[in-house]
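K.L.:
Here you go, sequence then predicted model.
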Amino acid sequence: MTLALLRARSVLSPRACTRADVARGRGATRSWSWRSGLACALACATACSGGGDGTTSGSGDGTGGGGDGTSDTDAVVYEPVSPSDACELAPVVEPGRYHGELFVNSETLAGVCGMGGPDAFLRVTIPYRLDLRVTAAAEGFTPRVEVLGDACARGVSLGCGLVGDEGVTVRDLLPGSSVHVVVGGAADDPAILAPGDDRLPYYVDVAFQRVLDVGARCKPDKLGRCVTGTVCAPVDMTGDDSTWRCTETTADACVDAEEIDLEGTLTTLSFPGPPAQSDAHQHSCAGAGLVERVFRLRAVAPVGPDESLVVRTSAPGVGLALRTPGCLPEHERACAAPSDAGASFTLESLATEVEFGARPYLFVEWAADEPALDGFVVELERTSE
């Protein structure tokens with residue numbers, strides 16, 4: 001479906017349909033214009049009349065509602081909001097879809113992302129803590145989108161997307177602030193260099209996702225996302241959405257891994273209660289759809305030259321992975337996929353790891369919503385051949 005037809009669909013309400021649109025459709029030679037004009041003409045035949053049955057709200061004497069030969073629909077004409085060519089005149093908008101035509105626009109603030117080309121502006125005020133998502137689509141050219149601060153000047157860009165439908169997301173905007181959404185095209189886009197009769201129609205979508213505080217209800221997902229440092233986790237395992245809350249995490253990634261000293265022959269890690277973890281790392285055999293807890297291991301007692309470390313769990317559906325000397329994916333040294341029988345692996349030459357000062361990262365992965373995993377253990381055993 002072309003963008004023109006999408007726009008034609010969007011005008012089927014009085015708020016998006018003006019008599020100017022209808023007039024522009026009559027006799028228009030550009031393919032986009034006559035399609036949108038026709039859509040508006042059809043829309044105003046019903047939606048712009050007094051009722052859904054094709055009648056007006058007049059008195060029935062042919063004079064319309066005002067008694068002076070005009071109808072009620074002549075008294076109030078709704079003009080749709082469009083992005084402005086001037087940043088200072090950018091309309092303040094809420095989440096929604098906004099249409100424009102780039103052929104009338106100039107290069108106001110050095111173009112989108114400061115790369116030249118015509119640009120247009122919307123202004124968004126932030127009512128609550130949120131993530132802002134901006135995408136765009138166009139007919140005849142590739143749209144770009146950007147989010148700038150409140151000032152109408154080139155400065156630090158909050159986000160830039162060179163392909164409109166891929167868009168840009170700006171996270172964690174605070175209430176009381178405001179930003180500018182910029183949409184436009186590249187200066188060297190062939191359609192912009194020589195537009196001819198092409199009006200270069202586009203639309204830009206503005207969407208909000210609420211950022212939820214610690215303790216806030218977070219299910220269903222449409223409520224928003226939990227603030228950084230927390231995850232959406234059940235406070236009990238009943239499965240009721242009302243029990244899922246934004247819960248602070250610990251040992252959720254390598255940067256805050258829990259320190260574990262391998263002091264004796266056997267070290268046991270316990271995982272009681274519902275998990276409050278995310279999935280910050282992906283492994284060769286585990287990770288998709290699982291949460292994880294991260295530990296950093298240190299052998300504090302003397303390590304024999306032939307010692308190895310066995311890591312195991314009998315819990316079904318629990319996976320294990322180990323990286324050393326660092327946390328990068330290429331540092332993976334062992335991986336055990338979840339299975340009904342549990343998982344295990346062996347890190348050979350523990351003495352070599354200790355000799356070079358390595359402190360391996362251990363990852364324990366499991367399904368967050370699996371009641372059977374409400375309490376399990378992982379064992380770390382130092383063994384000698």
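P.N.:
Yep, it's here. Since this is a predicted model, take the numbers as computed values, not measurements. Residues are numbered from 1 along each chain as shown.

K.L.:
what helices or strands is the lengthiest strand in the chain leaning on?
P.N.:
In the chain, with assignment by DSSP state E, the single longest strand is strand 201-212. Judged by 3 or more CB pairs under 8 Å, 6 or more residues apart in numbering; DSSP states H and E, strand 201-212 is in contact with helix 3-10, strand 96-101, strand 119-125, strand 130-138, strand 143-148, strand 178-185, strand 225-226. C-beta here means a position set from N, CA and C on the backbone, and glycine is covered the same way.

K.L.:
what are the pairing partners of that strand, and which direction each?
P.N.:
Strand 201-212 has the following strand partners under DSSP bridges: strand 96-101 (antiparallel), strand 130-138 (antiparallel), strand 225-226 (parallel).

K.L.:
In CSV: those strands, plus mean pLDDT.
P.N.:
Listed next are those as CSV, based on pLDDT from 0 to 100:
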stretch, mean pLDDT
strand 96-101, 96
strand 130-138, 97
strand 225-226, 94
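
K.L.:
Residue 157 is nearest to which of those strands?
P.N.:
Proximity to residue 157 (CB to CB) singles out strand 130-138 among those, at 12.3 Å.

K.L.:
how about the closest one: buried residues?
P.N.:
Residues 130, 131, 132, 133, 134, 135, 136, 137, 138 are the ones in strand 130-138 that count as buried (16 or more other CB atoms under 10 Å).

K.L.:
now it, how far from the chain's geometric center?
P.N.:
9 Å (CA atoms, centre = their mean, to the nearest Å).

K.L.:
Let me have the strands paired with strand 201-212 in JSON lines, adding distance to residue 284 as columns.
P.N.:
Converted to JSON lines, those look like this (distance: least, CB to CB, whole Å):
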{"stretch": "strand 96-101", "distance to residue 284": "42"}
{"stretch": "strand 130-138", "distance to residue 284": "31"}
{"stretch": "strand 225-226", "distance to residue 284": "28"}
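
K.L.:
one step back: export the helices and strands packed on strand 201-212 as JSON lines, with columns for distance to residue 191.
P.N.:
Putting the helices and strands packed on strand 201-212 into JSON lines (distance: least, CB to CB, whole Å) gives the following:
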{"stretch": "helix 3-10", "distance to residue 191": "13"}
{"stretch": "strand 96-101", "distance to residue 191": "12"}
{"stretch": "strand 119-125", "distance to residue 191": "15"}
{"stretch": "strand 130-138", "distance to residue 191": "9"}
{"stretch": "strand 143-148", "distance to residue 191": "11"}
{"stretch": "strand 178-185", "distance to residue 191": "7"}
{"stretch": "strand 225-226", "distance to residue 191": "37"}
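
K.L.:
Compare these and give me the one nearest residue 280.
P.N.:
Nearest to residue 280, of all the helices and strands packed on strand 201-212, is strand 225-226, at 13.8 Å by CB to CB.

K.L.:
what comes into contact with that closest one?
P.N.:
The contact list for strand 225-226 (CB atoms under 8 Å, 6 or more residues apart in numbering) reads 131, 209, 210, 211, 212, 216, 218, 232, 246, 247.

K.L.:
Identify the residue nearest the third one in space, chain neighbours excluded?
P.N.:
If the residues on either side of it in the chain are set aside, residue 210 comes closest to residue 224, at 3.3 Å by CB to CB, 6 or more residues apart in numbering.

K.L.:
wait, what's in contact with the one you found?
P.N.:
Neighbours of residue 224 in contact, by CB under 8 Å, 6+ apart: 130, 209, 210, 211, 212, 216, 218.

K.L.:
OK, contacts around the second one?
P.N.:
For residue 209, the contact set (CB under 8 Å, 6+ apart) comprises 130, 131, 133, 224, 225.
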